[in-house]
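*Asks:* Just to be clear, the model below is a prediction. Sequence and coordinates:
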There are 2 protein chains.
Amino acid sequence: MKAVVTVMLKEGVLDPQGKAIGHALNNLGFPQVGEVRAGKVIELDLAENDPVAARAAAEAMAQKLLANTVIESFKVEIA
Amino acid sequence: MKAVVTVMLKEGVLDPQGKAIGHALNNLGFPQVGEVRAGKVIELDLAENDPVAARAAAEAMAQKLLANTVIESFKVEIA
């Protein structure tokens, strides 16, 4: 199965990369852009046939390695 | 409206970051992890009320700045 883990900085945590992207877009002729947040997405191929087990494994991986849960939140999608 | 742009390396482009994550997960006790691909996700707040216009703007931004279309593909979701 495929698992997609999306990792974003938590609300309230300063995101300088997002800020830089927002300014660059404004300067490139996109004045309609307001707040921008940048994050990571990790696609995992799992040798797992049970979606429940796949989700549990992906969540354990996110907790352990993929996200820094002090400042980042994550979301797991199973496809 | 909110637009979420997901940028991934194209199929066939070497992804050393994904490889490193895969090896790290294998070593951390997740032998079920096969191929891993790493990408970026950018959440944009747009001052736009029309979903069609918002999608067109986000695609233009991805083409112009957010993705390197030589080696990366992107996907836009409007929420």
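*Replies:* Received, thanks.
*Asks:* Mind giving me the packing neighbours of the longest strand seen in chain A?
*Replies:* Scanning chain A for the strand with the most residues, using DSSP state E, yields strand A:33-46. Where contact means 3 or more CB pairs under 8 Å, 6 or more residues apart in numbering or on different chains; DSSP states H and E, strand A:33-46 is packed against strand A:2-9, helix A:16-27, helix A:51-61, strand B:2-9, helix B:16-27, strand B:33-46. Bear in mind the C-beta positions are built from the backbone N, C-alpha and C, glycine included.
*Asks:* wait, which of those is closest to A:Glu72?
*Replies:* Nearest of the helices and strands packed on strand A:33-46 to A:Glu72, taken as CB to CB: strand A:2-9 at 5.2 Å.
*Asks:* who does the closest one pair up with?
*Replies:* strand A:33-46 (antiparallel), strand A:72-78 (antiparallel) (DSSP bridges).
*Asks:* what's the most buried one of these?
*Replies:* Most buried of the strands paired with strand A:2-9 by mean neighbour count (mean count of other CB atoms under 10 Å in any protein chain shown) is strand A:33-46; its value is a mean of 20.
*Asks:* partner residues bridging the nearest residue to A:Lys40 once chain neighbours are set aside?
*Replies:* Excluding the flanking residues, the one nearest A:Lys40 by CB to CB, 6 or more residues apart in numbering or on different chains is A:Val7, at 4.6 Å. A:Val7 has the following beta-bridge partners by DSSP bridges: A:Lys40, A:Phe74.
*Asks:* same question, A:Asp45
*Replies:* A:Lys2.
*Asks:* circling back to that earlier point, between the strands paired with strand A:2-9, which one is closest to B:Ile78.
*Replies:* Within the strands paired with strand A:2-9, the stretch nearest B:Ile78 is strand A:33-46; the backing value is 14.1 Å (CB to CB).
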